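> predicted model, plus sequence, below.
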Amino acid sequence: MALPRNRQTDELFDSILQLKDREECYKYFEDLCTVKEIHSFAQRLEVAKLLDRGCSYQNTTELTGVSPATIGRVNRCLTYGTGGYKMMLERLGENMDDNKA
């Protein structure tokens, strides 16, 4: 199921692109989403990182507490999705490398 490409979705993404730093993200997302939604997003990103590194479903469940169904969904996105997770994991990895220098 593809995201709806419409004015409302465009404005949402445009608003996110206006955020300047992590503190602004915290403020905006706390107003925009529930704590549970943010926690779920963060868990899915962690699952994607672990799966991308070759971690098994069982170990990923043990490390994150995420259900196998969610792990399967993230894995399907990593394997057959639009490439969004892979793109972000690469960028996060580059930023981590930059911070080490």
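Perfect, thanks for sending it. Numbering: from 1, shown residues only.
> which residues does stretch 7-19 contact?
The contact list for stretch 7-19 (CB atoms under 8 Å, 6 or more residues apart in numbering) reads 3, 25, 28. Glycine gets a C-beta too; all of them are placed from N, C-alpha and C.
> ignore the last one, stretch 68-81
Against stretch 68-81 from outside (CB under 8 Å, 6+ apart): 43-44, 47-48, 51-52, 57, 60-61, 84-86.
> redo those residues as CSV? Include pLDDT.
As requested, the contacts of stretch 68-81 are exported to CSV (pLDDT from 0 to 100):
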residue, pLDDT
43, 97
44, 97
47, 97
48, 97
51, 97
52, 95
57, 96
60, 97
61, 96
84, 96
85, 97
86, 96
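> would you turn those into JSON lines with neighbour count?
As requested, those are arranged in JSON lines below (neighbours: other CB atoms under 10 Å):
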{"residue": "43", "neighbour count": "17"}
{"residue": "44", "neighbour count": "18"}
{"residue": "47", "neighbour count": "26"}
{"residue": "48", "neighbour count": "23"}
{"residue": "51", "neighbour count": "21"}
{"residue": "52", "neighbour count": "16"}
{"residue": "57", "neighbour count": "15"}
{"residue": "60", "neighbour count": "23"}
{"residue": "61", "neighbour count": "17"}
{"residue": "84", "neighbour count": "11"}
{"residue": "85", "neighbour count": "21"}
{"residue": "86", "neighbour count": "15"}
